[in-house]
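Novice: My questions concern the predicted model and sequence given below.
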Amino acid sequence: MPTLFYVNIATQDLEKLPRFYTDLFGFEEARATRTPDFRAVLSGKTTIGFSAAPTYAALNLPEPPRGTKLILTFDVSHIGEVDAKIERAIALGAKLLKPAFRTSYSHYQAVLLDPEGNGFRINTILEQTSATEAHRT
């Protein structure tokens with residue numbers, strides 16, 4: 001089965017936004033992929049790429065869209081860690097959209113915007129659920 005290798009986020013500040021995610025989650029920068037217009041952080045099996053505007057032109061893509069087009073979900077180990085990461089995210093410049101809550105599919109999560117307005121969730125699974133339920137949005 002194919003796996004998700006990279007998720008790329010258009011960024012206006014190529015230093016600040018990757019640092020937000022490394023400071024919040026403890027991710028490591030993939031320094032070997034660093035270019036003047038690109039940064040990446042290692043987050044388990046998926047790498048989060050951060051692309052400055054020139055990257056889109058180089059790939060023959062249209063200008064990066066504005067507004068929330070995707071939501072990244074970061075799983076942590078327990079409820080206390082969700083709550084601690086929320087506080088840390090806010091201190092680093094995130095905006096809390098929906099405080100932590102228990103979902104109908106047995107997760108505990110909060111919804112935030114990073115400093116550039118990209119949506120993300122901090123999440124933990126409360127109990128074993130089926131694969132279908134675990135991947136509902």
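Specialist: Nice, thanks for sending it over.

Novice: show me where pLDDT drops low in this structure?
Specialist: Within the chain, the segments meeting pLDDT under 70 span 67, 128-137.

Novice: can you give me the strands for it?
Specialist: For the chain, strands defined by DSSP state E occupy the ranges 6-10, 28-29, 38-43, 46-51, 71-75, 95-102, 107-113, 119-125.

Novice: I'd like to know which of those strands lies nearest to P64.
Specialist: Nearest to P64, of all the strands of the chain, is strand 6-10, at 3.1 Å by C-beta to C-beta. Every residue, glycine included, has its C-beta placed from N, CA and C.

Novice: in its sheet, what does that closest one sit against?
Specialist: Here strand 6-10 has these sheet partners by DSSP bridges: strand 46-51 (parallel).

Novice: Show me what counts as buried in the strand it pairs with.
Specialist: Residues of strand 46-51 classed as buried under the neighbour-count rule (16 or more other C-beta atoms under 10 Å) are T47, I48, G49, F50, S51.
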